[in-house]
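Enquirer: Here's my sequence, what's the structure:
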Amino acid sequence: MAEREWVDKDYYADLGVSKSASREEIRKAYRTLARENHPDTNPGNKEAEARFKRVAEAYDVLGDEKKRAEYDELKTMIRNGGGFGGAGFPGGFQTQGSYSSGFNLNDLFGAATGGAGRSSGGFPGEGGLGDIFGGLFNSGAGAGRTARPSRGADVETEITLDFREAALGTTIPLQLTGDAPCNTCHGSGSLSGKKHTCKTCNGSGFVTDQRGHFGLSSPCPDCHGTGEIIEDPCPDCRGTGTVRRSRQITVRIPAGVMDGQKVRLAGQGEAGPNGKPAGDLFVTVHTRPDKVFEREGNDLTVTVPVSFAELALGDTITVPTLDKPVRLKVPAGTRSGRTLRVRGRGINGADLLVTVEIKIPTNLDDAAKSALRSYAQAEKAAGFDPRDGWEGRK
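Expert: Sure, this is the predicted structure:
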């Protein structure tokens, strides 16, 4: 999510938390809302699906301390009238430098920072405030600048994984359709590779229309902003170096990826024009709830049913993990609802948190009932009172 797309967003409202919410509060709010609105939980519910995406987008920003700081500073700047209000040129604009947190206003207006979801590649020095003022006051495009992208467009896609696939990591094939290097000219746009500097713009990619004291820059109509003229354009790609086609790639999802998290694959986006580098691929990962496990960070949580005898007398029980079951010792006198820790059996070496919960039998035979009655009498004779010290008894 590029900073310029944050302007109209209220991520705190999307997660239902205050602006002073802690990182843990933000994480808990995200988990609750993501679980409630997950597409697998609400099949066919477009409203829930849209809210799920908003929640995931909000957590992507607020769950990252650096992004959250930049987002907060941007919203403060706009609220104080420093970014988009006022007469004439908006107050608070800086044509050079950045604010104290490293947030650069040029990013808001398309400077070459690169970001997920953009429709085209970066434009070096193009589209930022420097070019707006430079064009108006006839500073020209500047040496080395061109009006064409310096790289291919970034691509965004979404996948849904099983809980255990996300926890353990997996490799999946993805089918993508977009700009790819032309096989005929190998991405150069020229059959022979012959190019020469555009004489109209002298290789800058821009031409200037002088209007009195002002000069307005625009992409050169002859070289289309590349600064070069291809002498023999490839007939298959018409000199662009790219053609639109489908391709399949293999994506490795790292172990422990969170629901709603984005995985970046450098250079797997759309091909750049005329041999320029490709953009990046951003894969948003959604996970299906598991029937056994949940997670707290990288810790796995599981609730295991046990009998009264196992808790009262103590026992060793078998508990599941992401691979093979392990044995867990339950100390004598353990209360129902207690959580026991199995170290190193969570995600990426974290822990497995096992909550033991007593399960009451519903169908006892005569022998079991007789034994239980005898135990109840012995319990009373020993002076045990389950409600001793209970506040409700006062």
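
Enquirer: Quick check: A56 is in a strand.
Expert: No - counting by DSSP: H, G, I helix; E, B strand; the rest coil, A56 is not part of a strand but helix.

Enquirer: My read is that it contacts A34, right?
Expert: Yes - the criterion here is CB atoms under 8 Å, and A56 meets it with A34 at 6.7 Å. Bear in mind the C-beta positions are built from the backbone N, C-alpha and C, glycine included.

Enquirer: check which helix or strand covers P173.
Expert: Per DSSP states H and E, P173 falls inside strand 170-181.

Enquirer: which neighbours do A56 and A34 share?
Expert: D259, G260 (CB atoms under 8 Å, 6 or more residues apart in numbering).

Enquirer: hmm, back to that, only the buried residues of the strand holding P173, if you could.
Expert: In terms of neighbour count (16 or more other CB atoms under 10 Å), strand 170-181 has its buried residues at T170, L174, L176, G178, D179, A180, P181.

Enquirer: Then stretch 46-62?
Expert: Residues of stretch 46-62 classed as buried: 48, 51-62 (neighbour count, 16+ other CB under 10 Å).

Enquirer: Then stretch 15-23?
Expert: Neighbour count says stretch 15-23 has L15, V17, A21 buried, by 16+ other CB under 10 Å.

Enquirer: mind listing which of the residues you listed are in helices?
Expert: Per DSSP state H, helices hold the following members of those: L15.

Enquirer: Kindly present the buried residues of stretch 15-23 as a markdown table, with separate columns for distance to L265.
Expert: Below are the buried residues of stretch 15-23 laid out as a markdown table (distance: CB to CB, whole Å):
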| residue | distance to L265 |
| --- | --- |
| L15 | 27 |
| V17 | 31 |
| A21 | 31 |
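
Enquirer: With distance to L74 and pLDDT as extra columns, can I get the buried residues of stretch 15-23 in CSV?
Expert: As requested, the buried residues of stretch 15-23 are arranged in CSV below (distance: CB to CB, whole Å; pLDDT from 0 to 100):
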residue, distance to L74, pLDDT
L15, 17, 91
V17, 18, 90
A21, 18, 90
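
Enquirer: For E231, state which of the buried residues of stretch 15-23 is nearest.
Expert: Taking CB to CB as the measure, L15 is the one of the buried residues of stretch 15-23 closest to E231, at 56.1 Å.

Enquirer: Next, the distance between the ends of stretch 269-277.
Expert: In stretch 269-277, first residue to last residue: 10 Å (CA to CA, to the nearest Å).

Enquirer: which residue ranges form the strands in the stretch 251-394 of the chain?
Expert: Taking DSSP state E, counting those that start in this stretch, the strands of the stretch 251-394 of the chain run over residues 262-265, 281-287, 294-296, 299-306, 315-319, 326-330, 339-342, 352-358.

Enquirer: Quick one, which of those gets closest to R164.
Expert: strand 281-287 (9.3 Å).

Enquirer: Against L300, how distant is F293?
Expert: 5 Å (CB to CB, to the nearest Å).

Enquirer: hang on, the earlier thing: out of the strands of the stretch 251-394 of the chain, which is the most enclosed?
Expert: Using mean count of other CB atoms under 10 Å, the stretch among these with the greatest mean number of neighbours is strand 281-287 (a mean of 21).

Enquirer: Can you name the residues in contact with that one?
Expert: Here strand 281-287 makes contact (CB under 8 Å, 6+ apart) with 38-39, 52, 56, 116-117, 154-163, 165-166, 174, 176, 249, 251, 253, 257-265, 268-269.

Enquirer: What strands flank it, and is each parallel or antiparallel?
Expert: In the sheet, strand 281-287 lines up against strand 155-161 (parallel), strand 262-265 (antiparallel) (DSSP bridges).

Enquirer: before we move on, the earlier item: give the residues shared as contacts by F293 and L300.
Expert: Residues touching both F293 and L300 by CB under 8 Å, 6+ apart: A167, L322.

Enquirer: Flag the shaky bits of the stretch 151-300 of the chain, pLDDT-wise.
Expert: In the predicted model, the stretch 151-300 of the chain carries pLDDT under 70 at residues 210-215.

Enquirer: now with 80?
Expert: Along the stretch 151-300 of the chain, segments meeting pLDDT under 80 span 193, 209-218, 224-226.

Enquirer: Quick one: the helices in it, in order.
Expert: Ranges of helices within the stretch 151-300 of the chain are 163-168, based on DSSP state H, counting those that start in this stretch.

Enquirer: hey, what's V207 bridged with?
Expert: S218.

Enquirer: I'd like to know how many residues surround it.
Expert: Counted with other CB atoms under 10 Å, residues neighbouring V207 total 22.

Enquirer: So which of the strands paired with strand 281-287 is nearest D315?
Expert: Comparing the strands paired with strand 281-287 by CB to CB, strand 155-161 comes nearest, at 35.6 Å.

Enquirer: Just the buried positions in that closest one, please.
Expert: Buried residues in strand 155-161, counted by 16+ other CB under 10 Å: V155, I159, L161.

Enquirer: and those residues as a markdown table, adding distance to G333?
Expert: Output for these, formatted as a markdown table (distance: CB to CB, whole Å):
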| residue | distance to G333 |
| --- | --- |
| V155 | 58 |
| I159 | 47 |
| L161 | 41 |
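
Enquirer: In TSV, list the strands of the stretch 251-394 of the chain along with distance to R244.
Expert: Formatted as TSV, the strands of the stretch 251-394 of the chain follow (distance: least, CB to CB, whole Å):
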stretch	distance to R244
strand 262-265	20
strand 281-287	16
strand 294-296	40
strand 299-306	44
strand 315-319	52
strand 326-330	52
strand 339-342	52
strand 352-358	48
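
Enquirer: I'd like to know which of those is closest to D232.
Expert: With CB to CB, the closest approach to D232 among the strands of the stretch 251-394 of the chain belongs to strand 281-287: 32.4 Å.
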